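In: got a predicted structure here, sequence first:
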Amino acid sequence: MPKRHAIQVLRAAGHGQREIATLTDVSVRSVRRVEAEPNVAHVDDAGERDRRRIGRPSTAEPFRSWVMELLAQDPALLSVEIFRRAKLAGYPGGKSALYELIQAIRPKAPRPVVRFEGLPGEFSQHDFGQVDVRFLDGTKKRIHFFASRLKYSRWAEVTIVPDEQTETLVRTLVDHFVAIGGIPLLAVFDRPKTVALKWGKDGQVTEWNPIFAGVALDLSVGIEICWPSRPEQKGSIENLVGWVKGSFFKQRRFLDDADLRTQLAEWRTAVNTERPCRATGVIPAMRLDEERPRLRAVKIAPDDLALRVPVVVGPTAAVLHETHPYSMPPDAIGISGTLFLYRDRVRIVAGRFEAVHQRLVEPHAKSTLPEHRAQHVAAVSGKRAKRYLQREHLLALGPAALDYLTERTHRRPGIWLRDVDRLHALLATYGDEAMRAAFARGLVAQTIGAEYIAHDLAASVTTPPPIEGESTGPPVNRSLFLSHPGGSIPRREQLSLDLSSPAPRARADGGRS
């Protein structure tokens, strides 16, 4: 249409047909045809093509009136049934062309958009989002965030999170409720697997995520799940993630991850306490003062929030969670229980047995409580099996223990069992950290042997915890004479009581007699 308009303007200005054809790169015949047309009144090329029916006619077009009669009788008639009847009536084409015609003809019943606006303390919206951020040094990083917003006051909380797992969702949700100052009646979510696992055709959830459902019950907050592809159900703030991306991430530049978090805190303060909300025209902090009396108190502090995970104590008297084994008493083997997962600790309850561990974060790390070590060894039958279990307890201390015990075994292959027993007793006396440090020092000094570790611990640790079942008191002499369960250590291998004397020197032959 713009080219048609140019031809008509040039012709009206007195230019010749051949000259216009050269200037507009069309044929003289086209110039003559356009000259005879009415003056161009619009530039809608697609609309003009439809009006003129330019292009190959559709094979379904001859059946237009026939389809219109069918739909007039039954507007809800399925397209597949119309296609079947059209084939019987002699339709020669395929279903795509006929379906396109049916879609254009079928009467549409537009539904009014209803915004589910909230009253004070009634609704809050929550959602995960992610965005790729390029820092000023050129590095690129995918940022995950969790956003929450009260529908009435428009107060918003946004937190950078490591992932979009269920635990991250519920812990950040509680953090946001605490920051807001209370819990509304309903929390609105989409349908992520972190919230709902299954739902019926009517939209009702048939299976909730058990961890999320447990936290929702603890908080006494109702959950509202939106139907897929129905953004109007979320009200005027349905595009919460898009709002965060557009007003923060796309408007700013960041030096690094720390600068991003600093700017996010500044932006959050600005949008909540300084800028009027575009939807309400009121600063969210002012509306929050009206809404906060309607919010209910948060029943659980974030650090006290425990996720319930069903577990079974395994055959090694340990509970496995996220690749981390946590020890339990050997009598609890095979008993089902519950693992209460806190931010910094793990509490396991299986029948009458209970254990509390520090939560592990390093992959494949293992936690064995000191009291469980002695119980595990006592429960194992056979002297050799006990020694191997004791060695496993020592190896769990880390790479330094592995290197030290490997060196010890190769230097004295015939008597490593005795040293393992003695080192295990030292572990029960002094604890994990002291033993780990003693192994590291022994590797550096190449003092390989239980007697050297005992001397090192006695000299470096002043107040070790007592062995389980013994009275408290100075453990110096006790740590120097830890005996072999099968018999006493020969007199010539006992250390001197004089702790001021230097540690025994390693023999040139590696300690072999």
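Out: Looks like it arrived, so ask away.

In: test my guess that Pro184 contacts Val221.
Out: Yes - counting by Cβ atoms under 8 Å, Val221 is a contact partner of Pro184 at 7.3 Å. Any C-beta I mention is one placed from the backbone N, CA and C, and that applies to glycine too.

In: give me the more crowded residue out of these two.
Out: Between Pro184 and Val221, counted using other Cβ atoms under 10 Å, Pro184 has the larger neighbour count: 25 against 19.

In: leaving out sequence neighbours, find the closest residue to the more buried one.
Out: Spatial nearest neighbour of Pro184, chain neighbours left out: Ser124 (4.7 Å); criterion: Cβ to Cβ, 6 or more residues apart in numbering.

In: ok, now how distant is the one you found from Leu219?
Out: With the distance defined as Cβ to Cβ, to the nearest Å, Ser124 ends up 12 Å from Leu219.

In: Ile448 now?
Out: Separation of Ile448 from Leu219 (Cβ to Cβ): 56 Å.

In: out of these two, which sits in the busier spot?
Out: Neighbours per residue (other Cβ under 10 Å) separate Ile448 from Leu219, with Ile448 holding more: 24 against 19.

In: helix, strand or coil for that one?
Out: Following DSSP: H, G, I helix; E, B strand; the rest coil, the label given to Ile448 is coil.

In: what sits against Glu19?
Out: Leu10 (Cβ atoms under 8 Å, 6 or more residues apart in numbering).

In: quick one, strands of the stretch 401-513 of the chain?
Out: Here the stretch 401-513 of the chain has no strands by DSSP state E, counting those that start in this stretch.

In: show me where it has helices.
Out: Secondary structure of the stretch 401-513 of the chain (DSSP state H, counting those that start in this stretch): helices located at 416-430, 432-445, 450-460, 476-480.

In: Val34: which of the ones you listed is closest?
Out: Nearest to Val34, of all those, is helix 432-445, at 89.6 Å by Cβ to Cβ.

In: report the angle between the closest one and helix 416-430.
Out: Relative orientation of helix 432-445 and helix 416-430, computed by axes from the mean of the first three to the mean of the last three Cα atoms, to 10 degrees: 130 degrees.

In: now find how far off-centre helix 432-445 is within its chain.
Out: On the basis of Cα atoms, centre = their mean, to the nearest Å, helix 432-445 sits 37 Å off its chain's mean C-alpha point.

In: okay, the residue nearest to Asn39 when sequence neighbours are not counted: pLDDT?
Out: Closest residue to Asn39 apart from its sequence neighbours, by Cβ to Cβ, 6+ apart: Gln8 at 6.1 Å. pLDDT, Gln8: 87.

In: quick check: which element contains Gln8?
Out: Per DSSP states H and E: Gln8 is located in helix 2-12.

In: just checking, what's the longest helix in this protein?
Out: Identified as the longest helix of the chain according to DSSP state H is helix 257-273.

In: can I get the following helix or strand past that helix in CSV? Just the C-alpha atoms.
Out: Later in the chain than helix 257-273, the nearest helix or strand by DSSP H and E is helix 284-291. Taking Å, rounded to 0.1, in the frame of the first residue of the first chain, the C-alpha atoms of helix 284-291 are listed here in CSV:
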residue,chain,number,x,y,z
PRO,A,284,3.0,0.7,50.1
ALA,A,285,4.3,1.5,53.6
MET,A,286,1.3,3.7,54.3
ARG,A,287,-1.1,1.0,53.2
LEU,A,288,0.8,-1.6,55.2
ASP,A,289,0.0,0.4,58.3
GLU,A,290,-3.7,-0.2,57.6
GLU,A,291,-3.1,-3.9,56.6
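
In: buried set for helix 284-291?
Out: By neighbour count on 16 or more other Cβ atoms under 10 Å, the buried set for helix 284-291 is Pro284, Arg287, Leu288, Glu291.

In: run the chain-centre distance for whichever helix or strand comes after that helix.
Out: For helix 284-291, the succeeding helix or strand toward the C-terminus, using DSSP H and E, is strand 307-312. Between the centre of strand 307-312 and the centre of its chain there are 19 Å (Cα atoms, centre = their mean).

In: other residues contacting strand 307-312?
Out: Counting by Cβ under 8 Å, 6+ apart, 167, 170, 210-211, 214-215, 319-321, 334-341, 348, 350 sit against strand 307-312.

In: strands paired with that strand, and their directions?
Out: As defined by DSSP bridges, the strand partners of strand 307-312 come to strand 336-341 (antiparallel).

In: where's Ala216 relative to Leu240, distance?
Out: Taken as Cβ to Cβ, the span from Ala216 to Leu240 is 20 Å.

In: test of understanding: give the bridge partners of His324.
Out: Residues in a beta bridge with His324, per DSSP bridges, are His321.

In: hmm, Ser153 and the residue nearest to Pro184 touching each other?
Out: No - with contacts counted by Cβ under 8 Å, Ser124 stays clear of Ser153, the gap being 9.9 Å.

In: more neighbours: those two, which one.
Out: For Ser124 versus Ser153, neighbours defined as other Cβ under 10 Å are more numerous around Ser124 (30 against 26).

In: quick one, phi/psi of the more buried one?
Out: For Ser124, the backbone dihedrals (degrees, to the nearest 10) come out as phi -140, psi 150.

In: pLDDT score for it?
Out: The score at Ser124 is 91. That number is its pLDDT.

In: is it in a bridge, and if so with what?
Out: With DSSP bridges applied, Ser124 shows beta-bridge pairing to Leu150, Ala187.

In: quick one: it and Leu426, what's the gap?
Out: Note on Ser124: its distance to Leu426, by Cβ to Cβ, is 55 Å.

In: ditto for Gly242
Out: Counting by Cβ to Cβ - Gly242 and Leu426 are separated by 60 Å.

In: same check on Lys108?
Out: From Lys108 to Leu426 the distance is 82 Å (Cβ to Cβ).

In: what does Ser367 give?
Out: Distance, Ser367 to Leu426, using Cβ to Cβ: 19 Å.

In: between these two, who's got more neighbours?
Out: With neighbours defined as other Cβ under 10 Å, Ser367 and Leu426 compare such that Leu426 has more, 24 against 19.

In: doesn't Tyr452 make contact with that one?
Out: No - contact criterion Cβ under 8 Å: Leu426 and Tyr452 do not qualify, at 11.1 Å.

In: please consider this matter closed, and thank you.
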